[in-house]
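[1] What follows is a predicted protein model with its sequence.
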Amino acid sequence: MQGSKLYVGNFSYSVSEEDLKEMFSSHGEVKEVKVIEGRGFGFVEMSSPSEAEKAKEALNGSNHKGRTLRVDEARPPKERNSSFGGGGGSRGGDRGYRRY
């Protein structure tokens with residue numbers, strides 16, 4: 001594993017950052033935890049790649065509050081390319097055409 005940041009998915013919406021920190025701390029030092037509210041996933045950063053690998057191996061596929069956790073190395077966020085005009089699509093109705 002190259003990085004020390006893990007993606008953690010398929011957990012209950014009631015799981016808190018403190019819950020994840022407690023769960024992962026038995027596998028090494030937890031540097032940062034971020035739960036994406038109302039989405040059932042988050043990120044845990046361990047202090048080293050070896051600790052992240054250890055936590056991944058121990059927790060991926062484990063059961064937490066009736067849900068099977070998915071733990072994997074976090075991928076870097078995708079770059080958003082604004083050179084294609086950005087804009088937001090149709091607003092419905094007449095799609096921007098004037099009617100005379």
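    That came through, no problem. Numbering: from 1, shown residues only.
[2] Could you report the neighbour count for residue 43?
    With neighbours defined by other C-beta atoms under 10 Å, the count for residue 43 comes to 16. The C-beta positions use only the backbone N, C-alpha and C, and glycine is treated the same way.
[3] From residue 17, how far out is it?
    10 Å (C-beta to C-beta, to the nearest Å).
[4] Need the overlap of contacts for the two.
    Jointly contacting residue 43 and residue 17 under the rule C-beta atoms under 8 Å, 6 or more residues apart in numbering are 33, 34.
[5] can you list contacts of the helix or strand bottoming out on mean pLDDT in the chain?
    Every helix and strand in the chain was compared by mean pLDDT, DSSP states H and E; the lowest is strand 63-64, with a mean of 92. Under the criterion C-beta under 8 Å, 6+ apart, residues 11, 12, 15, 23, 69 lie in contact with strand 63-64.
[6] The fourth one sits in which helix or strand?
    Right, residue 23. Residue 23 belongs to helix 17-25 when assigned by DSSP states H and E.
[7] Flag every buried residue along that helix.
    Within helix 17-25, the residues scored as buried using 16 or more other C-beta atoms under 10 Å are 19, 20, 23, 24.
[8] ok, the third one - contacts?
    It stands for residue 23. Residues near residue 23 by C-beta under 8 Å, 6+ apart: 59, 64.
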